[in-house]
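Novice: generate a structure from the sequence data that follows.
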Amino acid sequence: QVQLVESGGGLVQAGGSLRLSCAASGLTFNNYVLGWFRQAPGKEREFVASISRGSTSTYYADSVKGRLTISRDNAKNMVYLQMDSLRPEDTAVYYCAADRRKNIVTVASDPSVDYWGQGTQVTVSS
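Specialist: Below is the predicted model of the structure:
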């Protein structure tokens with residue numbers, strides 16, 4: 001079956017960096033648009049970033065532009081989120097997602113994706 005497994009979360013001070021990874025299995029990886037979403041306590045899940053099947057295009061939420069960078073390695077079935085200049089408001093559970101039909105923009109506005117990971121906690125202290 002399809003599995004998306006996130007790792008790399010943790011506790012970091014404001015201004016610091018983390019790199020999240022998501023390992024995918026059970027799917028033809030390069031057929032899928034990939035994305036990262038997050039959910040803070042008491043809030044709805046929100047879009048963070050997405051990347052096209054061939055890594056040619058990326059799309060970001062305004063709140064993370066210039067600080068977070070999404071990338072993928074189709075040979076390794078991996079997607080990454082490099083997180084720099086972290087802020088306390090970035091604290092959330094981060095989820096990776098895969099969808100076969102959406103593009104990098106529509107996945108941001110309609111998060112009813114095909115597959116979700118289980119999430120990894122990121123906590124940014126002030």
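
Novice: report the buried residues of the lowest-mean-pLDDT helix or strand in the chain.
Specialist: Among the helices and strands of the chain, helix 106-109 carries the lowest confidence by mean pLDDT, DSSP states H and E, at a mean of 90. In terms of neighbour count (16 or more other Cβ atoms under 10 Å), helix 106-109 has its buried residues at 107, 108. C-beta coordinates here come from the backbone N, C-alpha and C atoms, glycine included.

Novice: from the chain's centroid, how far away is that helix?
Specialist: 13 Å (Cα atoms, centre = their mean, to the nearest Å).

Novice: contacts for the helix or strand following that helix?
Specialist: With elements assigned by DSSP states H and E, the helix or strand that comes after helix 106-109 is strand 115-116. Under the contact criterion Cβ atoms under 8 Å, 6 or more residues apart in numbering, strand 115-116 has outside partners 2, 4, 27, 95, 96, 97, 98, 99.

Novice: show me what the last one is bridged to.
Specialist: Going by DSSP bridges, residue 99 is paired in beta bridges with residue 33.

Novice: and for residue 124?
Specialist: residue 12.

Novice: is it true that it touches residue 12?
Specialist: Yes: look at residue 124 against residue 12 with Cβ atoms under 8 Å: they come within range, at 5.7 Å.

Novice: so what sits against both of the two?
Specialist: Joint contacts of residue 124 and residue 12 (Cβ under 8 Å, 6+ apart) are residue 86.

Novice: neighbour count winner among these two?
Specialist: Neighbour tally, residue 124 and residue 12, criterion other Cβ atoms under 10 Å: the higher count belongs to residue 124, 20 against 17.

Novice: what sits against the more buried one?
Specialist: 12, 13, 14, 16, 86, 87, 88, 89, 90, 91.

Novice: follow-up on the earlier one: could the contacts of strand 115-116 go into TSV alongside secondary structure, neighbour count and pLDDT?
Specialist: Putting the contacts of strand 115-116 into TSV (DSSP: H, G, I helix; E, B strand; the rest coil; neighbours: other Cβ atoms under 10 Å; pLDDT from 0 to 100) gives the following:
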residue	secondary structure	neighbour count	pLDDT
2	coil	12	97
4	strand	24	98
27	coil	17	97
95	strand	23	97
96	strand	29	97
97	strand	26	97
98	strand	23	97
99	strand	21	97
